[in-house]
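Peer 1: Structure, please.
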Amino acid sequence: MNNNQTKKKCELLVPAGGVKQFIAAVENGADAVYIGGHIFNAQNNAENFNDEEMQHAIDFAHKRGVKVYVTMNTLIGNDELDEAVKYAAFLYETGADALMIQDLGLGKLIHEWMPELSLHLSAQVMVCNLAGVETAARLGYDRVAIASELNLLEIKEICENTETEIEMLVHGELCKCCSGQCQLSRYFGGQSGNRGQCAQPCRLPYKSFDADGRLLETLKHPLKPQDICRIDQLGELIEAGVTSLKVEGSEKSADYVAIITSIYRKHIDMYYKEGNYAVSEEDWQELKQMQQGIKIGKVIKKIQGTALVDVKLYDKLELGDGIEIQGRERCGNVVTYYKELKGGLTRIGNIKGRMYHGDPLYRITSKEQLTRARSTYENVTFEDGKYLRKVSVDMLFTLENGIASLSVTAKDGTTVTVNGGAFEKNDDNATDKQRIEDALRKTGNTPFAVNEVRFDGTYDRRIKVAAVNDIRRNALAALEKSMVFRREKIIGAGYQPLNENKNLAAVELFYFDWDTFAAGNVPMGIEDIDVDVVSVVPVVEFEKHYTEIPEGSKIIPYISNISKGAEDIFIEDNFDSIVLHCMERGIYVGNLSWIQPLRSAGITVFGDYGLNVYNEESVAALDAIGVHRCIYSLESMDSRMGSFPIMTLEHDPEAASLIHPNKERLRFLKRRFSDQTLLISGHEIIELESIADTINTGSEAIRIFVER
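Peer 2: Have a look, this model is predicted:
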């Protein structure tokens, strides 16, 4: 037996944006499915589930040994907390296996009202290391979805040193912006991604420029999400100790869910059975076809006056396939005409639009592939259908003194027993055990498949097959009922506002780098505001320039919202000195990782914008682990407060600046001390007069971002 066979099997976690997708996920082998309800769900553009569908989906999954996690992964305002807690209580009572949470305040309230309900910390919190995972565990989370940007060594370091379950993205789209730190959609259209309303402006074409202002002609979609596929790394992730392998795609079709789930199921099972696996070229092509389409040829010419096109094919194309010509202009359709010509060319149609010789031809859907996928979920509902997914059960049929009993045991150990009879003794014509077994194995349209049938007792009775069928039906119905569970109703679940009135204590000038601070750049008129003015500077540069700081200056250092890489390394290497220099002034922390180490060292910790505090309960949750006070999320910021970060990117972009289709300029800010790059607006006007009497709800300071 392989070592990997002795471990708890890693979970395949699949999205379902609607009922068809849910059935496709279950029928194709998902161990768990994550879905969204009609409120507080970041996948607002998916179909999602109303309350009745939610109940049916959870029951359907549980009958087949599949878990259901519900996303409540938006930031929640103070005025929404009561409704959110009540909805969480509904999900708890309905039998949801876990809730996937971004908002720390909502997580706090759910943990208080429903401590038995498992909480999973969303990837939107961007946990990058073991310290962040440990802080999440202190906040009550049983599982943490760690950052997708981590490499295998970083993942292994986390998994080997925590009892907290670890979830990792293995397939789907990966945003250029670090999770939970994107303000692009809200900035341009008022539709916040953190509030489930992302309009995806990252997919738009932008004009890109280098540092010298030259137009980069080939870089037209610099912010577009990238595809991620780790099908060839499953064994390494399993061995590293990852609990759950997650597929992204809550807004994808049922076809996508069926195909991706089946391929990942196949290779996970292959790894556990054989200890290794190889991804075939056929499977790679299947994945590529669903994710981005496959280049299969090029345009030779368009037949004038028609919608027919002559093409040169490198790969197969069939009637019913979907194609797209990706030239200077994009056009495509489903292939409804197909004729092979002399000279190795093929004439296809009906394709309208402009195209030119040499334009690449992509097959974006395969009719044959979709037909296979749809056979797994079409004509199947939660109530009826020819189901593929079955729970393996063992049966023990006992006959004593004419009384029959049937015990059925599911894979998870759940057992039910039902009785039947009494049957008359008939030594000369007793029913053969094989005949009984044949009847017991006919599970029909139930979610069960019989593995082993055993017998006990004395078989000297005549038992009609119809009677055996009745016993089997009753036993399987009882087992099915036992696999559906409800929890007791939570009485009084809800939220009462704290209604704390906080006075404005300071205006904080947030500097992206030391040079801007040292140059004395301050907004005009700042001296007219009758509160303390505090400068907030990067901790790395604060430490490097500590001897230059005038005595008694009002300055607080900060650790960035994402400090992974160079910034973390510097803090680790200079931790004792940083502690000494921050003992009296405190430090802002923008991520979960550094809260506990600094608190343990006796430093006053303030919560920075990266923690995405959006309500007073989030402030209370962080206060419980030693965070003194918090600046609210960038969700509360507007252009009056300066050039606040619109995106935080893990990797350096190719451009120095961008122009949005609405002509507004954006600028990439690369900082010496950080591996991350910020995207900020190019020209914000700080309006001190209009914000002088303003305070972010629940905060004790106004934050102004000083870029130059």
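
Peer 1: three-state assignment of the closest residue to Asn561 other than its chain neighbours?
Peer 2: Distances taken as Cβ to Cβ, 6 or more residues apart in numbering put Gly610 closest to Asn561, at 2.5 Å, once the chain neighbours are dropped. All C-beta atoms are positioned from the backbone trio N, CA, C, and that covers glycine. Judged by DSSP: H, G, I helix; E, B strand; the rest coil, the three-state class of Gly610 is helix.

Peer 1: Pretty sure Gly610 sits against Ile562.
Peer 2: Yes: using Cβ atoms under 8 Å, Gly610 is in contact with Ile562, at 7.0 Å.

Peer 1: Strands along the stretch 451-600 of the chain, start to end?
Peer 2: 506-511, 532-538, 555-559, 587-589 (DSSP state E, counting those that start in this stretch).

Peer 1: which residues sit against the last one?
Peer 2: Read it as strand 587-589. 536, 539, 556-559, 578, 595, 598, 603-608, 611, 627, 631 (Cβ atoms under 8 Å, 6 or more residues apart in numbering).

Peer 1: Pull out the buried residues from those residues.
Peer 2: Buried subset of these (neighbour count, 16 or more other Cβ atoms under 10 Å): 536, 539, 556-559, 578, 595, 598, 603-608, 611, 627, 631.

Peer 1: which residues do Gly610 and Ile562 both contact?
Peer 2: 126, 181, 590-591.

Peer 1: And Phe397, its phi and psi?
Peer 2: When read as degrees, to the nearest 10, the backbone of Phe397 gives phi -100, psi 120.

Peer 1: Point out where this structure drops to low pLDDT.
Peer 2: The chain contains residues with pLDDT under 70 at 1-7, 498-504, 683-684, 689-699.

Peer 1: Can you pull the domain assignment for this protein?
Peer 2: Domain assignment for the chain, taken from automatic domain parsing, gives 3-175+226-279, 294-374, 392-483, 506-644+684-706.

Peer 1: Next up, the contacts around Leu634.
Peer 2: When contacts are taken as Cβ under 8 Å, 6+ apart, Leu634 is in contact with 181, 183, 609, 612, 644-645.

Peer 1: could these be laid out in CSV, adding distance to Gly17?
Peer 2: Formatted as CSV, the contacts of Leu634 follow (distance: Cβ to Cβ, whole Å):
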residue, distance to Gly17
Gln181, 24
Gln183, 24
Tyr609, 30
Asn612, 24
Phe644, 32
Pro645, 30
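
Peer 1: what's the farthest-apart pair in these?
Peer 2: Farthest apart among the contacts of Leu634 by Cβ to Cβ are Asn612 and Phe644. That separation is 13.4 Å.

Peer 1: any idea how far Arg64 is from Phe633?
Peer 2: Heads up, residue 633 is Ser, not Phe. Shown here: Ser633 relative to Arg64, a distance of 39 Å by Cβ to Cβ, to the nearest Å.

Peer 1: So which of the two has more stuff around it?
Peer 2: Taking other Cβ atoms under 10 Å, Ser633 and Arg64 do not tie; Ser633 has more neighbours (24 against 19).

Peer 1: Tell me which residues are up against stretch 532-539.
Peer 2: Residues from elsewhere that reach stretch 532-539 (Cβ under 8 Å, 6+ apart): 505-514, 517, 522, 526-527, 553-560, 567, 571, 578, 582, 587-588, 671, 673-674, 701, 703.

Peer 1: Report the buried members of those residues.
Peer 2: 506-514, 517, 522, 555-560, 567, 571, 578, 582, 587-588, 671, 673-674, 701, 703.

Peer 1: which one of the shared contacts of Gly610 and Ile562 sits closest to Ala475?
Peer 2: Met126 (48.8 Å).

Peer 1: May I ask you to name the longest helix in this structure?
Peer 2: Determined from DSSP state H, the single longest helix within the chain is helix 254-274.

Peer 1: and it, which residues are buried?
Peer 2: Of the residues in helix 254-274, 254-268, 270-272 count as buried by neighbour count, 16+ other Cβ under 10 Å.

Peer 1: So which elements touch the helix or strand just after it?
Peer 2: Reading on from helix 254-274 to the C-terminus, the next helix or strand found by DSSP states H and E is helix 281-291. Under the contact criterion of 3 or more Cβ pairs under 8 Å, 6 or more residues apart in numbering; DSSP states H and E, helix 281-291 touches strand 226-229, helix 254-274, helix 367-374.

Peer 1: The helix or strand containing Val299 pairs with which strands?
Peer 2: Val299 is part of strand 294-302 when elements are defined by DSSP H and E. Next to strand 294-302 in the sheet, as set by DSSP bridges, lie strand 309-313 (antiparallel), strand 360-365 (antiparallel).

Peer 1: So what's the gap between the last one and the chain middle?
Peer 2: Shown here is strand 360-365, whose average C-alpha point lies 28 Å from the average C-alpha point of the whole chain (Cα atoms, centre = their mean, to the nearest Å).

Peer 1: ditto for the shortest one
Peer 2: The chain centroid and the centroid of strand 309-313 are separated by 40 Å under Cα atoms, centre = their mean.

Peer 1: Just the buried positions in the first helix or strand past that strand going along the chain, please.
Peer 2: Once strand 309-313 ends, the next helix or strand along the chain (criterion: DSSP H and E) is strand 322-326. Residues 322-326 are the ones in strand 322-326 that count as buried (16+ other Cβ under 10 Å).

Peer 1: Quickly name whichever of these is closest to Lys481.
Peer 2: Closest approach between these and Lys481, by Cβ to Cβ: Gly322, at 43.8 Å.

Peer 1: So Gln292 sits against Gln226, correct?
Peer 2: No: counting by Cβ under 8 Å, Gln292 sits too far from Gln226 to count as a contact (10.4 Å).

Peer 1: The two: who's more crowded?
Peer 2: Neighbours around Gln292 and Gln226, counted as other Cβ under 10 Å, are more numerous at Gln292. The numbers are 12 against 9.
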